[in-house]
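Enquirer: what would the 3D arrangement of this be:
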Amino acid sequence: MTGKKLRILVVTQYFWPENMRINDLVRDFSEKGHEVTVLTGFPNYPEGAVFKEFKANPEEFKEYFGAGIIRVPLISRGKRSVTLILNYISFFFSASILGVIKLRSKKFDVVFVYAVSPIMAAIPAIIIGRMKKVPVFIWVLDLWPETLRAVGVLRRPSLLALVGRMVSWIYNRADYLLLQSKGFIRNVEQYCTKEISSERIVYFPSWAEDDFSSALPGSSSLLKRDDSVFTVVFAGNLGEAQDLPAVLQAAESLSCSVSVRWVIVGDGRMSSWLSKQVEARGLNNVLLLGRHPLSAMPGLFACADALLVSLKTNDVFEKTIPGKVQAYLASGKPILGMINGEAAQIIDESGAGFSCPSGDSEGLAGITRKLATIDIGQREVMGRAGRSYYLKHFSKSTLMGRLENLFHNATLRKAGK
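Expert: I've put the predicted structure just below:
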């Protein structure tokens, strides 16, 4: 479907120069000629402090591929749960007050919310949607309050129930709820009234960023290809949810039996712990490369024999598909998954690699050994199978077309046409 160029407001706590999939969406819609405005905060994810380059020259971060950026101040994430909560709350208040003021003279056709944690980022979007009388889309990428309980940020039932009421308020005032996983549907529906019809709850998964859409480069400035060792690469946030202790345990158990090199790239709340543990255990087979831009990942993946995704066992995480799964599939490399639920089903169904249960360090060691010792040709077949599965189920062009159609249809419905 084609239609008029849209004026789109994207509300997201996280945005460029932070490495987030929403960057890709904004770039795509802006390059298609739509007028895109982003309401966001100061970049501080995942390190927990505002980026030095932003503090040095914030004027350089006011536009992204033609999209205008409106930033509001917030309290940085820090490294503790209390500062994380304050970070969530501060963006909600800043966006709801300062953001609304800064956008008061602008007109929009749709409002789109990138709803990773915290879900409160949707509240200023709903306020603006009501003021501008335009439909609000919430892309639900984390389940609240379930995720808060799962990661231990909140444990008291009374507080979780309070957050649940807030979530219900948000969901019932959105025009569309886009869900990144089919496993989210039942959880989301329990917070919705009958006013939210089934056609407004839409399965809308993630895609891989543009960097992974073409053939991988042959080399990387971060790592040299070494055919004498089996290289496993983990890329992404280094937090408690990624179950890094189990990953290190698997690496340790294989250190004397199989020639495996574990390469971990990224940053997060567990970075310091990880560095200390690697040194304390004398894990010479584990390389910590730190945080690097998304553009460096395709070259790094090209040097890998397998790509690792891990997530703690939990009834919430089982329903989540980590965004790196799509990037791994698109890269055409075999996947090792220490993960449960829908993500494990994708790895197994696609034939892209092997999976074992979450938290099963022995299982991870086992499937790593299995993949390292099979014929290289078989690994190449797995990589191609994953790439084929990605193109069929998670193609960015297809998903962006679907979203554009949803936007156009929603504006027509809002106008009563």
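Enquirer: average model confidence for stretch 93-103?
Expert: Taken as a whole, stretch 93-103 has an average pLDDT of 95.
Enquirer: flag every buried residue along it.
Expert: For stretch 93-103, the neighbour count (16 or more other C-beta atoms under 10 Å) marks 93, 94, 95, 96, 98, 99, 103 as buried. For glycine as for every other residue, the C-beta is placed from the backbone atoms N, C-alpha and C.
Enquirer: low-confidence stretches in the stretch 101-250 of the chain?
Expert: Low-confidence regions of the stretch 101-250 of the chain, defined here as pLDDT under 70, cover residues 151-153, 194-198, 213-218.
Enquirer: and stretch 248-258, how far out from the chain's middle?
Expert: Put simply, stretch 248-258 sits 29 Å off its chain's centre (C-alpha atoms, centre = their mean, to the nearest Å).
Enquirer: sorry, slip of the keys, the one I care about is stretch 285-296.
Expert: 17 Å.
Enquirer: give me the residues contacting that stretch.
Expert: With C-beta atoms under 8 Å, 6 or more residues apart in numbering as the test, stretch 285-296 has contacts from 19, 46-47, 209, 211, 220-223, 248, 251, 254-255, 260-267, 274-275, 278, 300.
Enquirer: tell me the one of the buried residues of stretch 93-103 nearest residue 362?
Expert: Taking C-beta to C-beta as the measure, residue 362 sits nearest to residue 95 out of the buried residues of stretch 93-103, at 45.3 Å.
Enquirer: confirm for me that that closest one is in contact with residue 122.
Expert: No. Checked against C-beta atoms under 8 Å, the pair residue 95 and residue 122 is beyond contact range at 10.0 Å.
Enquirer: quick revisit: just the contacts of stretch 285-296: which are in helices?
Expert: Assigned to helices by DSSP state H, the following of these qualify: 248, 251, 254, 274, 275, 278, 300.
Enquirer: could you tell me which of the residues you listed count as buried?
Expert: For the ones in helices among the contacts of stretch 285-296, a neighbour count by 16+ other C-beta under 10 Å gives the buried set as 248, 251, 254, 274, 278, 300.
Enquirer: and the nearest residue to the fifth one once chain neighbours are set aside, bridged to which residues?
Expert: The spatial neighbour of residue 278 that comes closest, neighbours along the chain excluded (C-beta to C-beta, 6 or more residues apart in numbering), is residue 286 at 4.9 Å. According to DSSP bridges, residue 262 are recorded as the beta-bridge partners of residue 286.
Enquirer: for the helix or strand hosting residue 390, buried residues please.
Expert: Assigning secondary structure by DSSP states H and E places residue 390 in helix 376-393. When neighbours are counted by 16+ other C-beta under 10 Å, the buried residues of helix 376-393 are found to be 379, 382, 383, 385, 386, 387, 389, 390, 393.
Enquirer: which one of those is nearest residue 62?
Expert: Closest approach to residue 62 among these (C-beta to C-beta): residue 390, at 33.8 Å.
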